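> My questions concern the predicted model and sequence given below.
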Amino acid sequence: MAGWRDAMRTLAPGLAGVAIVLAIAALPLWAEALGDDSRGEMLFQRHCSACHQIGPEAVDRIGPRLTGIFGRRAGAIDGFAYSKSMTRMGSDGLTWTLETLDPYIENPKALVSGTRMNFRGLAGGADRADLLAYLRAYSDRPRDIPEAEPTARKTDHDLDPAILGIEGDPEYGEYLSSECTTCHQRDGSDRGIPSITHWPAEDFVLAMHAYKRKLRPHPVMQMMAGRLSNDEIAALAAYFATLDQE
Amino acid sequence: MTLNRRHFLGSGLAAGLILKAPEVLGQARPRVVVIGGGAGGATAARYLAKDGKGALDVTLVEMNPIYTTCFFSNLYLGGVRDFESLQQGYAQLSGMGITVITDMATGVDRAARTVTLAGGTVLPYDRLILSPGIDFVEGSVPGWSLADQEIMPHAYKAGPQTQLLKAQVEAMPEGGTFAMIAPPNPYRCPPGPYERISMVAHVLSQKNPTAKILLIDPKDKFSKQALFEEGWAKHYGTMVERIGPDFGGANVEVRPGSMEIVVDGEVTKVDCCNVIPGQSAGQIAQIAGVTDDKGWAPVTPDAMKSKVDENIYVLGDASAQGDMPKSGFSANSQAKVAAMAIRGELTGSKVFPAKYSNTCWSLLAPEDGVKVGASYEPTPEKIASVESFVSATGEDAALRKATYEESLGWYAGITADIFG
């Protein structure tokens, strides 16, 4: 497909005739502003295609098909065995857009803690923009998918290592955790509300910051995390880490 | 003994000694008495015992041996939850060293710092926590008094009243009329009046589809109004008719003897009438003399301490604290702040800045759940709302179902947090 695009770019519009009109319908030129989709295709082959297919004939394999991923609710393909975490994010309202796919591809666990996607993430912002440009070409009405802000490609969603490195005060964390246990059960039961026990501290911190920045959709969690400072999130992580040792 | 302890507690050093060597001081552990074993009182007792690690002598006084939660009691009315699922016991709290006394507190001597129980027991305290919930304002609904509760139930203290209301709804004649006299602000919620309307409508739409519901409301507007009205229209068509103050909803009288309601002078015969009167702090707060002229107990926003007596804390529905609703979630949140403050005072433990929060889920129909919530922080004047959210109208069925399932998780979570 990307080869088609390259060919189209080199043709003068007047010479292309009907073929160009059809091609534009399938793969509009204005999609290119996001990133280099031919490079994106290469990245897709390298990182994604072992598990995912994309295109009109794509089917679900180890991972769900990625055709039409933009605008799709997380966990929405009928019959695909998503993780509980992904299904929950979907019903919370997580929808795949430039804004959410970018941090997800950068570090899947920041958005979906229990995702089955065994992928460590794509650190480079330019790589992600190229990959997203490629994925977008296979979504419905790609021209309606907003272009990334000029700064978005450079956005580094990764938490500042200084934030991840904060030593939390477990005693403070214990007090703060009493707000969590109004809903989340200490015994790890996860009916209706996910368990937060035995959770690696770093994943916990990443998840809380994703809520704080409203990348994760749940309104209660956005509110609870939104008023926690970096120190308070670290304190909670430190406290929950002591629980794991019990 | 009491004097000695007071003397000791005057210095942080001595407080530290108590913390480090409770086995030596034995009987001299500071005493906290908690009145009311609901969401506020039981949470406070549990957190004092759990985090105090034996440094405090905690007594919980509750008149019911089994507690029935007001939250989710509407779901029982709607037939989506059984009565037993609302019932919580105190065995876990006893098991963690809390003295649980089944009795009613009838007196508080603030000078002597003692509580008297109906059974005659006198309990001395260093700190007293009052979490008595609500009582009704006499005469707030003309024609109705507590003596009429068997004919026109309030069902606003969960238990036999809730069972009675359910039986009355189910016994309504075909095409009969259910009326609710909704309360003025401020009112306890849950059990929310409007969720109750939804659940009664659900039952009637299944068993008695030509029945009518009259909601007589003295208030111009109410929480989650757009969501409820959308839900009622969607699930129950024209069954629910709300009569607001512009049509006489604030000018109402009831006649339990003839099962009539009089709205703006117009008499209507009804088959079931749920009267939810105006409310005030539970009676013991009034007996203790910590309530204001509006009938609620003013507290400090940073710790829930009574503004009248520094040895008393008031939690939950009974308190006048600012922006938080009178919900079990709020009471649970406030109890944790108060427990931390009391431990700080009595044992010298660290005290952190107060944070409060609340979320209220409501069920519009089975699996159609909505929610509203906010976070709160103390300001010098009151507990003030910082950030809030509410479900949107027009949400899809999957999200509403997830919201309902989340509320089930919350019920399990908060009852474990309150009762152990």
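Structure's in. What do you need?
> Can you name the residues in contact with stretch B:388-398?
A:90-91, A:219-220, A:222-223, B:224, B:226-227, B:230, B:367-368, B:370-375, B:400, B:403 (C-beta atoms under 8 Å, 6 or more residues apart in numbering or on different chains). Quick note: C-beta positions are derived from backbone N, CA and C, even for glycine.
> Low-confidence bits of the chain, can you list those?
Since no chain was named, I'll use chain A. Counting by pLDDT under 70, chain A shows low-confidence ranges at A:1-33, A:141-158, A:244-246.
> I was after chain B.
In chain B, residues with pLDDT under 70: B:1-27.
> hmm, back to that, please pick the buried ones from the contacts of stretch B:388-398.
Buried residues within the contacts of stretch B:388-398, counting neighbours by 16 or more other C-beta atoms under 10 Å in any protein chain shown: A:90-91, A:219-220, A:222-223, B:224, B:227, B:230, B:368, B:370-375, B:400, B:403.
> By proximity to chain B, which residue of chain A wins?
Going by C-beta to the nearest C-beta, chain B is nearest to residue A:192 of chain A, at 2.8 Å.
> ok, so what distance separates the nearest residue to residue B:69 once chain neighbours are set aside from chain A?
Closest residue to residue B:69 in three dimensions, ignoring its sequence neighbours and counting by C-beta to C-beta, 6 or more residues apart in numbering or on different chains: residue B:86, at 5.0 Å. Look at residue B:86 and chain A: by C-beta to the nearest C-beta, to the nearest Å, they are 17 Å apart.
> Tally up the residues packed near residue B:86, please.
Applying other C-beta atoms under 10 Å in any protein chain shown, we find 22 residues neighbouring residue B:86.
> ok so, going back, test my guess that the residue of chain A closest to chain B contacts residue B:410.
Yes. The pair residue A:192 and residue B:410 qualifies as a contact (C-beta atoms under 8 Å) at a distance of 7.2 Å.
> one step back: now, the contacts of stretch B:388-398 that are in strands?
B:368, B:370, B:371, B:372, B:373, B:374, B:375 (DSSP state E).
> Which pair in these has the greatest spatial separation?
Across the ones in strands among the contacts of stretch B:388-398, the longest distance by C-beta to C-beta is 25.6 Å; it joins B:368 and B:375.
> Please see if stretch B:217-233 touches chain A.
No. Shown here: stretch B:217-233 not in contact with chain A (C-beta under 8 Å from any C-beta of the partner chain), separated by at least 13.7 Å.
> Ends of that stretch, what's the gap?
In stretch B:217-233, first residue to last residue: 18 Å (C-alpha to C-alpha, to the nearest Å).
> Can you give me the buried ones in that stretch?
B:217, B:218, B:219, B:222, B:223, B:224, B:227, B:228, B:230, B:231, B:232.
> The spatially most central residue of chain A in helix, strand or coil?
Centroid-nearest residue in chain A, with C-alpha atoms, centre = their mean: residue A:104, separated by 2.1 Å. The three-state assignment at residue A:104 reads helix, by DSSP: H, G, I helix; E, B strand; the rest coil.
> Surely it touches residue A:112?
Yes. Between residue A:104 and residue A:112 there is a contact under C-beta under 8 Å: 7.1 Å.
> quick revisit: let me have the ones in strands among the contacts of stretch B:388-398 in TSV, extended by distance to chain A.
Formatted as TSV, those follow (distance: C-beta to the nearest C-beta, whole Å):
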residue	distance to chain A
B:368	14
B:370	11
B:371	8
B:372	10
B:373	6
B:374	7
B:375	5
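> Residue B:138 touches residue B:145, doesn't it?
Yes. Using C-beta under 8 Å, residue B:138 makes contact with residue B:145 at a distance of 6.7 Å.
> Burial check on the residue of chain B found nearest chain A, number of neighbours?
Nearest to chain A, among the residues of chain B, is residue B:409, at 2.8 Å (C-beta to the nearest C-beta). Neighbours of residue B:409 under the rule other C-beta under 10 Å: 19.
> Would you list the phi and psi of it?
phi -60, psi -40 (degrees, to the nearest 10).
> just the buried residues of stretch B:217-233 now: which is nearest residue B:29?
Checking those one by one against residue B:29 (C-beta to C-beta), the nearest turns out to be residue B:223, at 42.6 Å.
> how close does the residue nearest to that closest one when sequence neighbours are not counted sit to residue B:186?
Leaving out its chain neighbours, the residue that sits closest to residue B:223 by C-beta to C-beta, 6+ apart is residue B:372, at 6.2 Å. From residue B:372 across to residue B:186, the span is 16 Å (C-beta to C-beta, to the nearest Å).
> what does the stretch 201-350 of chain B have sitting close to chain A?
So the stretch 201-350 of chain B meets chain A at B:329, B:332, B:333, B:336, B:340, B:350 (C-beta under 8 Å from any C-beta).
> Of these, which pair is most distant in space?
Applying C-beta to C-beta across those, the maximum distance is between B:329 and B:350, 25.1 Å.
> and those two? which has more neighbours close in?
When residue B:329 and residue B:350 are compared on other C-beta under 10 Å, the one with more neighbours turns out to be residue B:329, at 23 against 11.
> Got phi/psi on the more buried one?
Per degrees, to the nearest 10, the backbone of residue B:329 is at phi -60, psi -50.
> does it really touch residue B:43, like I thought?
No. Counting by C-beta under 8 Å, residue B:329 stays clear of residue B:43, with 10.5 Å between them.
> Show the end-to-end separation of stretch A:104-124, please.
Termini of stretch A:104-124 sit 13 Å apart (C-alpha to C-alpha).
> what comes up buried for it?
Neighbour count says stretch A:104-124 has A:104-115, A:117, A:119, A:121-122 buried, by 16+ other C-beta under 10 Å.
> and the residues you listed, which two are the farthest apart?
A:114 and A:122 (20.1 Å).
> all strands for the stretch 301-420 of chain B, in order.
Secondary structure of the stretch 301-420 of chain B (DSSP state E, counting those that start in this stretch): strands located at B:312-314, B:319-320, B:356-365, B:368-378, B:383-390.
> residue contacts, residue A:205?
For residue A:205, the contact set (C-beta under 8 Å, 6+ apart) comprises A:159, A:163, A:164, A:233, A:234, A:237.
> would you say it is within a helix?
Yes. Assessed with three-state DSSP, residue A:205 lies in a helix.
> List, one by one, the residues from the stretch 1-150 of chain B near chain A.
Taking C-beta under 8 Å from any C-beta as the measure of proximity, the stretch 1-150 of chain B contacts chain A at B:47, B:51.
> the helices in the stretch 1-150 of chain B, which residues?
B:2-9, B:12-20, B:22-25, B:39-52, B:73-77, B:91-95 (DSSP state H, counting those that start in this stretch).
> do the same with chain A
A:2-10, A:13-26, A:37-47, A:84-92, A:98-106, A:108-111, A:125-136, A:161-164, A:170-180, A:201-212, A:219-226, A:230-245 (DSSP state H).
> got the residues of chain A near chain B?
Counting by C-beta under 8 Å from any C-beta, chain A sits next to chain B at A:88, A:90-93, A:171-172, A:174-176, A:178-179, A:181-187, A:189-193, A:219-220, A:222-224, A:226-227.
> Mind giving me the PyMOL command for buried ones among those?
Buried members of those can be picked out in PyMOL with the line below, counting by 16+ other C-beta under 10 Å:
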select buried, chain A and resi 88+90+91+92+93+171+172+174+175+176+178+179+181+182+183+184+185+189+190+192+193+219+220+222+223+224
